[in-house]
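Asks: With the input below, show me the fold.
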Amino acid sequence: MNCKDAVIEKLRKFRQEDVIISDHAEESALWRGLQKDEIRENIINPARLEYAIPQEAEKADEEKYECFFSYGEMLCHRYIIAISHKCVVCTVIAINRRWRPIAEKHAQAQV
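Replies: Coordinates of the predicted model:
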């Protein structure tokens, strides 16, 4: 299930200071050559968001999503985010191959 439009509406409400990048996500970004500023920009301006797949949240007052931000057919950023009063980026992954089948498979698994 793709919740792209609903997640875009939620993400547009956040500002730079509302986006928290977890220690794990920061290490992953550094290891994968991703910039924290670019991650924050994708969250507050989700124009590249193609898929947002709901995940099971750990806390009752948060929503969790697996998000795919497109940079073309052969590159995308995949973020796991938790949304409550702030947006916490739990992990980041760069996919350097045809990524749409991966996103579609994850979306179908949630149905």
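
Asks: Phe14 reaches Asn42, doesn't it?
Replies: No. Counting by C-beta atoms under 8 Å, Phe14 sits too far from Asn42 to count as a contact (11.3 Å). No exception for glycine: its C-beta is placed from N, CA and C like everyone else's.

Asks: what about these two, which has more around it?
Replies: Using other C-beta atoms under 10 Å as the criterion, Phe14 and Asn42 rank with Asn42 on top: 22 against 18.

Asks: looking only at pLDDT, what's the mean for the helix or strand harbouring the more buried one?
Replies: Under the criterion of DSSP states H and E, Asn42 resides in helix 36-44. Per-residue pLDDT over helix 36-44 has a mean of 94.

Asks: Report the buried residues of it.
Replies: Buried positions in helix 36-44, judged by neighbour count with 16 or more other C-beta atoms under 10 Å: 39-44.

Asks: what's the most distant pair in these?
Replies: The span of those, defined through C-beta to C-beta, is set by Ile39 and Ile44 at 10.1 Å.

Asks: between these two, what contacts are shared?
Replies: Val19 (C-beta atoms under 8 Å, 6 or more residues apart in numbering).

Asks: Asn2 should be in a helix, yeah?
Replies: No. Per DSSP: H, G, I helix; E, B strand; the rest coil, Asn2 lies outside any helix segment and is coil.

Asks: Helices of the protein, start to end?
Replies: Residue ranges of the helices in the chain, as given by DSSP state H, are 4-11, 23-32, 36-44, 100-109.

Asks: Out of these, which is the most enclosed?
Replies: Highest mean neighbour count among those (mean count of other C-beta atoms under 10 Å): helix 36-44, with a mean of 17.

Asks: That helix vs helix 4-11, what angle?
Replies: Angle of helix 36-44 versus helix 4-11, following axes from the mean of the first three to the mean of the last three C-alpha atoms, to 10 degrees, is 110 degrees.

Asks: let's number from 483 now, not from 1
Replies: Got it, first residue is 483 now, which makes that one helix 518-526.
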